[in-house]
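A.B. asks: just coords:
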């Protein structure tokens, strides 16, 4: 049975809007919204539990919704007016789903390779940068992505959108800098911190063994704790007037050098 909602004042729709806007509510309820067919498909493939789905019949056929989902969930058809109210993106695919969040802690991480390659970002603030980092990690197929001292929750709609669903394709964990450093040391994973102090050019480093590449924000760089605990600080040589670049660009350069050394 398909439920129908045609009013933007419906309590369920108001609650959905709050889920989009308030990270505190997402954390409290342990759920988050996902908009778009590809992103929903990636979330399902990534093992996230689908709870409910909303679709606009003017934009997408019910048959496409049935093909999109593989389990029985609550399906609600909404009017074009309601969809326009809740649509977070400019594109109009006509479908939005609610998923149950995962526990993204270090205890959930499992490595399938003997010498894992990990990408770590400390305290990234901009959802766009986080999304770009996750896209880079997916493209390189790293073993895990760690977010140290996160400033926003992973299920922020802007992160889901900017990552093009790669928040669902990567193995991700969050934790404090201290917790992550302890995890790396316990697992004998070398730490290569992108920092200006006492650094070697990144292309002179051997990344073929277990390695974690750590990047910080453009404004403040990495905290002293990373610099003190790194196996080796690394730097990307630059010839221009400035001494920093976008964190997602830096992450891409470093990660793909490591992949090059590993023969991809």
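C.D. replies: Perfect, I can see it now. Bear in mind the structure is a predicted one, so any value in this text is a computation, not a measurement.
A.B. asks: Can you read off the pLDDT for residue 264?
C.D. replies: On pLDDT, residue 264 comes in at 84.
A.B. asks: swap that for residue 125, sorry
C.D. replies: pLDDT for residue 125: 89.
A.B. asks: Touching, residue 173 and residue 110? I think so.
C.D. replies: No - using C-beta atoms under 8 Å, residue 173 makes no contact with residue 110, being 10.6 Å away. Quick note: C-beta positions are derived from backbone N, CA and C, even for glycine.
A.B. asks: So these two - more neighbours on which side?
C.D. replies: More crowded of residue 173 and residue 110, by other C-beta atoms under 10 Å: residue 173, with 22 against 9.
A.B. asks: Name the SS class of the residue positioned nearest the centre of the chain, please.
C.D. replies: With distances taken as C-alpha atoms, centre = their mean, residue 167 lies nearest the centre of the chain, 3.3 Å away. Following DSSP: H, G, I helix; E, B strand; the rest coil, we place residue 167 in the coil state.
A.B. asks: which residues does it contact?
C.D. replies: Counting by C-beta atoms under 8 Å, 6 or more residues apart in numbering, residue 167 makes contact with 131, 134, 154-155, 159-160.
A.B. asks: again, only using 6 Å
C.D. replies: By C-beta atoms under 6 Å, 6 or more residues apart in numbering, residue 167 lies in contact with 134, 154, 159-160.
A.B. asks: That one and residue 174: what is the separation?
C.D. replies: 12 Å (C-beta to C-beta, to the nearest Å).
A.B. asks: cool, and residue 82?
C.D. replies: Counting by C-beta to C-beta, the gap from residue 82 to residue 174 is 33 Å.
A.B. asks: Would you mind telling me which of these two has more residues around it?
C.D. replies: Taking neighbours as other C-beta under 10 Å, residue 82 and residue 174 compare with residue 82 leading, 23 against 18.
A.B. asks: for the helix or strand hosting that one, which positions count as buried?
C.D. replies: Residue 82 belongs to helix 80-86 when elements are defined using DSSP states H and E. Within helix 80-86, the residues scored as buried using 16 or more other C-beta atoms under 10 Å are 82-83, 85-86.
A.B. asks: Over to stretch 72-82?
C.D. replies: For stretch 72-82, by 16+ other C-beta under 10 Å, it's 75-79, 82.
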